[in-house]
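[1] my questions concern the predicted model and sequence given below.
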Amino acid sequence: MVSVKRISPRSRRRKRRTARAAVLGALIRDHGLQDGIMAELGVFRGDTFFYLLDRFPNLSLVGVDTWEWGARDAKGTGQDDGARSYRESPLPDFEADIRADLPAYGARAAVLKSRTVDAARSYPDRHFDIVFIDADHTYEGVCADITAWRGKVRPGGILCGHDIDMPSVRAAVTESLAGWFCPGEVIWAYRVPEYGVAAP
């Protein structure tokens, strides 16, 4: 009988490191946030989550996800485009794999099974150095996440997200955040102004 070596979820994630994770890593480094506190909204398989924990050993990171199918738009007529590609994904298995790997990172890594807007209420204002939004991709969902999480980022910190190429995401970001920029890939970013200082 041939024995088959099981590939751990963590090993699979190492092979899937994406351009998104690399751009986020550069954003963290360039803004001196390597020792900061970060939230990732929308964890999915954990590729970006664990990449950042491995890349920055002093970064503390909390991930928020429901591991459930995406939201519908306000009229109930269309599924969140960002979730459509995940329909066939074994979301409960992804959650279990992520939780199995968490202990290796100690107190600096945590996940919350929660809707993102609800999770924001668990943290005081100005708690995070960086928040990455990649959850509900509807216009309403992105607006709600920006509203709920912007105040959770300290002055000088970064509020950012994924899929700025999607019309719903671009509209929400453009209407909510004057002065946002694209550091690469399809990531959008906004530097929260220092007290009394306008954002670049």
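    Yep, that arrived.
[2] only C-alpha atoms from now on, for both contacts and neighbour counts.
    Fine.
[3] report the longest strand in this structure, please.
    Using DSSP state E to define each element, the chain has its longest strand at strand 153-161.
[4] and the closest residue to R115 other than its chain neighbours, how many neighbours?
    Of all residues not flanking R115 in the chain, T66 sits nearest, at 5.9 Å (Cα to Cα, 6 or more residues apart in numbering). A total of 19 residues lie near T66 under the criterion other Cα atoms under 10 Å.
[5] D134 versus the residue nearest the centre of the chain, what's the distance?
    Compute the mean C-alpha point of the chain, and by Cα atoms, centre = their mean the closest residue is E40, 2.9 Å away. Here the criterion is Cα to Cα, to the nearest Å. By it, E40 lies 7 Å from D134.
[6] cool, and A144?
    12 Å.
[7] for the residue nearest to the centre of the chain, helix, strand, or coil?
    Under the three-state scheme (DSSP: H, G, I helix; E, B strand; the rest coil), E40 adopts strand.
[8] centre of the chain to the helix or strand hosting L52, how far?
    Using DSSP states H and E, the element containing L52 is helix 47-55. Computed by Cα atoms, centre = their mean, to the nearest Å, the chain-centroid distance of helix 47-55 equals 11 Å.
[9] what's downstream of it, the next helix or strand?
    The element immediately downstream of helix 47-55 (helix or strand, assigned by DSSP H and E) is strand 60-65.
[10] could the C-alpha coordinates of that following strand be exported in CSV?
    Extracted C-alpha coordinates of strand 60-65, given in CSV (Å, rounded to 0.1, in the frame of the first residue of the first chain):
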residue,chain,number,x,y,z
SER,A,60,-0.8,41.3,15.7
LEU,A,61,-3.7,40.3,13.4
VAL,A,62,-7.4,39.6,13.9
GLY,A,63,-9.4,38.1,11.1
VAL,A,64,-13.2,38.5,10.8
ASP,A,65,-15.4,36.3,8.6
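[11] that older thread, other SSEs contacting the helix holding L52?
    Applying 3 or more Cα pairs under 8 Å, 6 or more residues apart in numbering; DSSP states H and E, we find helix 47-55 packed against helix 9-15, helix 19-30, strand 60-65.
[12] I'd like the mean pLDDT over the first one, please.
    For helix 9-15, the per-residue pLDDT values average out at 51.
[13] go on, the last one?
    Here the mean pLDDT over strand 60-65 is 98, rounded to a whole number.
[14] if we can go back for a sec, partners of the longest strand of the chain in the sheet?
    According to DSSP bridges, strand 153-161 forms sheet pairs with strand 128-133 (parallel), strand 187-191 (antiparallel).
[15] most tightly packed of these?
    Mean neighbours per residue, mean count of other Cα atoms under 10 Å, is largest over these for strand 128-133, with a mean of 25.
[16] give me the residue ranges of this structure where confidence is low.
    Applying pLDDT under 70 to the chain flags the ranges 1-17, 70-88, 195-200.
[17] number of nearby residues for Y123?
    Y123 has 11 nearby residues by other Cα under 10 Å.
[18] do V117 as well
    17.
[19] shouldn't it be within a helix?
    Yes. Judged by three-state DSSP, V117 forms part of a helix.
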